[in-house]
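A.B. asks: Please work out how this folds:
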Amino acid sequence: MPGSRTQASRPTADMSQLRARRRQARRRIRLARLDLGLGVSAAIVLLLASPGMAMTAVVVLVVLLLCALSVVLERRRRRRLRPRQPDGYSS
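C.D. replies: I've put the predicted structure just below:
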């Protein structure tokens, strides 16, 4: 059956693309978690190690805001780069 061989190669290509997209998504999630973890841990270290609580609170808030800004910008960039689906397809 010559038709079955051509149909079998198509799902393999689709699956490899799907696996690549999933790998990239896992990498982005890991990097976002790492970014957030580093920011929170740096904020905690500053809070515990600094004698001036008011100044430390300001620095902690700045670090946490930078982490939140990083996450928001990454999501916007990801949405902008996402290819459009043709009509009739849902995601």
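A.B. asks: make it CA atoms for all contacts and neighbour counts henceforth
C.D. replies: Will do.
A.B. asks: Dump stretch 34-51 to PDB, restricted to CA.
C.D. replies: The C-alpha coordinates for stretch 34-51 follow below in PDB (Å, rounded to 0.1, in the frame of the first residue of the first chain):
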ATOM      1  CA  LEU A  34      14.700  30.200  38.000                       C
ATOM      2  CA  ASP A  35      14.300  33.900  37.400                       C
ATOM      3  CA  LEU A  36      11.600  34.100  40.100                       C
ATOM      4  CA  GLY A  37      13.500  32.000  42.500                       C
ATOM      5  CA  LEU A  38      16.700  34.000  42.200                       C
ATOM      6  CA  GLY A  39      14.700  37.200  42.700                       C
ATOM      7  CA  VAL A  40      12.900  36.000  45.800                       C
ATOM      8  CA  SER A  41      16.000  34.400  47.300                       C
ATOM      9  CA  ALA A  42      18.000  37.600  46.800                       C
ATOM     10  CA  ALA A  43      15.100  39.600  48.300                       C
ATOM     11  CA  ILE A  44      15.100  37.300  51.400                       C
ATOM     12  CA  VAL A  45      18.900  37.500  51.800                       C
ATOM     13  CA  LEU A  46      18.800  41.300  51.600                       C
ATOM     14  CA  LEU A  47      16.000  41.400  54.100                       C
ATOM     15  CA  LEU A  48      17.800  39.100  56.600                       C
ATOM     16  CA  ALA A  49      21.300  40.500  56.200                       C
ATOM     17  CA  SER A  50      20.700  44.200  56.200                       C
ATOM     18  CA  PRO A  51      20.500  46.300  59.300                       C
END
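A.B. asks: Any chance you could list what contacts that stretch?
C.D. replies: When contacts are defined by C-alpha atoms under 8 Å, 6 or more residues apart in numbering, stretch 34-51 is touched by residues 53, 56-57, 59-60, 63-64, 67-68.
A.B. asks: Can you flag the buried ones in these?
C.D. replies: 56, 59-60, 63-64, 67 (16 or more other C-alpha atoms under 10 Å).
A.B. asks: could those go into TSV alongside secondary structure and pLDDT?
C.D. replies: Formatted as TSV, those follow (DSSP: H, G, I helix; E, B strand; the rest coil; pLDDT from 0 to 100):
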residue	secondary structure	pLDDT
56	helix	75
59	helix	81
60	helix	80
63	helix	85
64	helix	85
67	helix	85
